[in-house]
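In: All I have is the shape, not the residue letters:
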């Protein structure tokens, strides 16, 4: 008996029981081998297999046991930690984009797909003038979301990435939350965000020395 | 040109059309049944219940580019699929497909004509069908050898080994029923079992029936024995380089062979087109054939492949001795 | 009429196919045409009403013998053209002339009709397999049994030749031991 407890973030903890059958050594020659062949041929294990498939067929046909998801019509829910096309978030109070143009995401990007340019605006504040992600190169590692100090660049759930031109995804304005959708903008729970038990994990800096 | 010739030609054309259509329908049924057994849906989008999927597949096959590999032997390469399809259809010519009936007098021109149940009533029907299925091994064999591809060669080597070995089992297993009936004609088999379910040969020859089914699975290249095109080991075996219509002809040949084996099992062991209680004969034969066809799909969904050495082991060390013992016992019983 | 058409069709096709077998430099063509010729020879049996022998011809020659040849041919590259080595023109001449002579004698023999008669006249009421069985188990019983014993001997010999090391499994022997055995 081999028990294993699988820890996953999004699934409840499951217990899986793998039973190793002790078949012993099978005889290779002579009467014992012959007996084993006869026993295995006649004890009907093959018919158990036939029965299982027939039962599944009956379940599928009459009890609605189909497991197919008709994909374009039905979609399975994805995890909040799923790493697909990026979103750029806005500040909830002012509606201004959160990005402060620090360039950390550009630096950390291991596939060199983020390109950004910044300048001073008329108030001598830093403003992002260009921000593109080359999704032909992006490997969706999530480092940019993790390194971002403002939670400005996060991963969204748009996994259907086929499009007629790359520009439909990669411009800053396209990834930015639309200004009229600001009310619906959710705080990001996924990769790189503050973990739910962050407060409890804070320890006092040891100053006793 | 007498009526017999014209009637035969009409029947040949009808059987050709119906069986090649049925082969397409067989692929649809196979996909649906396998899908249900694996809790899937199968084809659903083309037409009602996905029924027009056959037409869509057919159009796709017909319009695909016909590729012949550079170093292949072009003539043999294009000949091989024809051999498979042709032998499968020729085998069907000696198989009874429906009870003999008389066309009603009210019809013009052909009214009153007697339609015999077999296209070519040779008095050695069983042997003819088995011989044609034996000749059918040239399709995969030549296909594999002509395409200059190592997977093809492996596939055709497996073809030769598997078909040659299992022909022995097929022949020996039908020998016992032949001894009981005393004839090689499938019509005689049918009339010998005319007395209802109790007179079916399957009750007297259960071992021969099981052996025939196993060998039939092997000869039609169905799942426990589909080593000829075992994807996990040899890509697609002898059809690796084929595409489009030529590949489709292999498929049609395989499915009409499945029908032939189903009909043979029904006629030799299960009463053929004899009336089954209130069910008329033609419907009874259809039901039996449908059951055997379903059995092939069912087994495909349930059982794993076997290894080539297990295949040979099963044939020569288990099935053939069993068949010989069965013949000897049958012979003794018949003599007594 | 159909019989005559079929006969001449089969004749020309058979001769043509066997000529391809002899003259082709390509193993694949030779093999295929030989097998096809065998099928057409079965056609002659069918034409003469010997259905049983026709089917046996297909099963034995096409289904078994030719398939074994084909199995042997898989050890070669069959798509290549073979370069023939012709060592002795005299031998070719001798064989060709003698075979041609034999053919002429065979074709001419029906001119003397009383020389040809059936040693065992066919039973009028027997079906095909029955007639074959009667001849086999009455007049030709001894040759039949002798050939059966011969086949048995061939089978046992084959098993002994192939089965010397059958109790060893190559997959279970270490590679070094196998290569040592090959050296010996």
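Out: Ah, there it is. Note that the structure is a prediction, hence the values are computed from the model and not measured.
In: going forward, measure contacts between C-alpha atoms and count neighbours the same way
Out: OK.
In: element containing residue B:233, please.
Out: helix B:231-234 (DSSP states H and E).
In: Mind checking what helix or strand follows that helix in sequence?
Out: Past helix B:231-234, the next helix or strand by DSSP H and E is helix B:244-269.
In: my guess is residue B:97 meets residue B:120, correct?
Out: No. Judged on C-alpha atoms under 8 Å, residue B:97 makes no contact with residue B:120 at a distance of 11.4 Å.
In: If you count surrounding residues, which of these two has more?
Out: Set residue B:97 next to residue B:120 and count neighbours by other C-alpha atoms under 10 Å in any protein chain shown: residue B:97 wins out with 21 against 16.
In: Let me know the secondary structure of the more buried one.
Out: coil (DSSP: H, G, I helix; E, B strand; the rest coil).
In: Nearest residue to it in space, please, no chain neighbours.
Out: residue B:117 (6.0 Å; C-alpha to C-alpha, 6 or more residues apart in numbering or on different chains).
In: same thing with residue B:76?
Out: Nearest to residue B:76 is residue B:146, by C-alpha to C-alpha, 6+ apart, at 6.1 Å.
In: Need the phi and psi values for that neighbour.
Out: phi -90, psi -20 (degrees, to the nearest 10).
In: Look at the residue lying closest to residue C:73 once chain neighbours are set aside and say how many residues are nearby.
Out: Excluding the flanking residues, the one nearest residue C:73 by C-alpha to C-alpha, 6+ apart is residue C:27, at 7.8 Å. Applying other C-alpha under 10 Å, we find 19 residues neighbouring residue C:27.
In: So residue C:27 sits against residue C:81, correct?
Out: Yes. Using C-alpha under 8 Å, residue C:27 is in contact with residue C:81, at 7.5 Å.
In: Distance of the residue nearest to residue C:73 relative to chain A?
Out: 42 Å (C-alpha to the nearest C-alpha, to the nearest Å).
In: ok, now how distant is that residue from residue B:86?
Out: Going from residue C:27 to residue B:86 by C-alpha to C-alpha, to the nearest Å gives 23 Å.
In: ditto for residue B:292
Out: Counting by C-alpha to C-alpha - residue B:292 and residue B:86 are separated by 23 Å.
In: One more: residue B:200?
Out: Distance from residue B:200 to residue B:86, by C-alpha to C-alpha: 32 Å.
In: neighbour-wise, which of those two wins?
Out: Taking other C-alpha under 10 Å, residue B:200 and residue B:86 do not tie; residue B:200 has more neighbours (22 against 18).
In: Now do the contacts for the more buried one.
Out: B:193, B:269-271 (C-alpha atoms under 8 Å, 6 or more residues apart in numbering or on different chains).
In: tell me which residues in stretch C:127-139 are buried?
Out: C:127-129, C:131-132, C:134 (16 or more other C-alpha atoms under 10 Å in any protein chain shown).
In: next one: stretch C:47-62
Out: Those would be C:47, C:50-62, for stretch C:47-62 by 16+ other C-alpha under 10 Å.
In: how distant is it from the center of its chain?
Out: On the basis of C-alpha atoms, centre = their mean, to the nearest Å, stretch C:47-62 sits 12 Å off its chain's mean C-alpha point.
In: The helix or strand that contains residue C:93 - what's its average pLDDT?
Out: Per DSSP H and E: residue C:93 is located in helix C:89-108. Helix C:89-108 shows an average pLDDT of 88 in the prediction.
In: so how far is that helix from its chain's centroid?
Out: 21 Å.
In: In terms of helix, strand or coil, where does residue A:128 fall?
Out: Strictly by three-state DSSP, residue A:128 counts as strand.
In: Please report how far the residue nearest to it when sequence neighbours are not counted lies from residue C:17.
Out: Once flanking residues are discounted, residue A:128 sits nearest to residue A:118: 4.5 Å by C-alpha to C-alpha, 6+ apart. Residue A:118 sits 83 Å away from residue C:17, taking C-alpha to C-alpha as the criterion.
In: So the two - more neighbours on which side?
Out: residue C:17 (22 against 15).
In: Correct me if wrong: that one contacts residue C:31.
Out: No. Look at residue C:17 against residue C:31 with C-alpha under 8 Å: they stay out of range, at 10.1 Å.
In: tell me which element residue 118 is part of?
Out: I went with chain A, as the question did not name one. strand A:114-120.
In: List the buried residues in the helix of greatest length in chain A.
Out: As assigned by DSSP state H, the longest helix anywhere in chain A is helix A:45-62. For helix A:45-62, burial by neighbour count (16+ other C-alpha under 10 Å) applies to A:49-50, A:53-54, A:56-61.
In: Closest one to residue C:8 out of those residues, please.
Out: The shortest approach to residue C:8 among the buried residues of helix A:45-62 belongs to residue A:50, at 53.8 Å (C-alpha to C-alpha).
In: quick one on the thing from earlier: and the buried residues of helix A:45-62, which two are furthest apart?
Out: It's A:49 and A:61 that sit farthest apart of the buried residues of helix A:45-62, by C-alpha to C-alpha, at 18.6 Å.
In: which one is the closest residue to chain A within the stretch 1-150 of chain B nearest to, not counting chain neighbours?
Out: At 4.3 Å from chain A, residue B:37 is the closest residue in the stretch 1-150 of chain B, using C-alpha to the nearest C-alpha. Of all residues not flanking residue B:37 in the chain, residue A:57 sits nearest, at 4.3 Å (C-alpha to C-alpha, 6+ apart).
In: hang on, isn't the one you found packed against residue B:38?
Out: Yes. Counting by C-alpha under 8 Å, residue A:57 does reach residue B:38; the two are 7.3 Å apart.
In: hmm, back to that, of the buried residues of stretch C:47-62, which is the nearest to residue B:59?
Out: residue C:62 (35.0 Å).
In: What pLDDT does the model give the closest one?
Out: 82.
In: Relative to chain B, how far out is it?
Out: Taking C-alpha to the nearest C-alpha, one finds residue C:62 at 6 Å from chain B.
In: Quick check: which element contains residue B:58?
Out: Judged by DSSP H and E, residue B:58 forms part of helix B:53-63.
In: quick revisit: and the contacts of the helix holding residue C:93?
Out: Contacts for helix C:89-108 (C-alpha under 8 Å, 6+ apart): none.
In: Sweet, I'm off.
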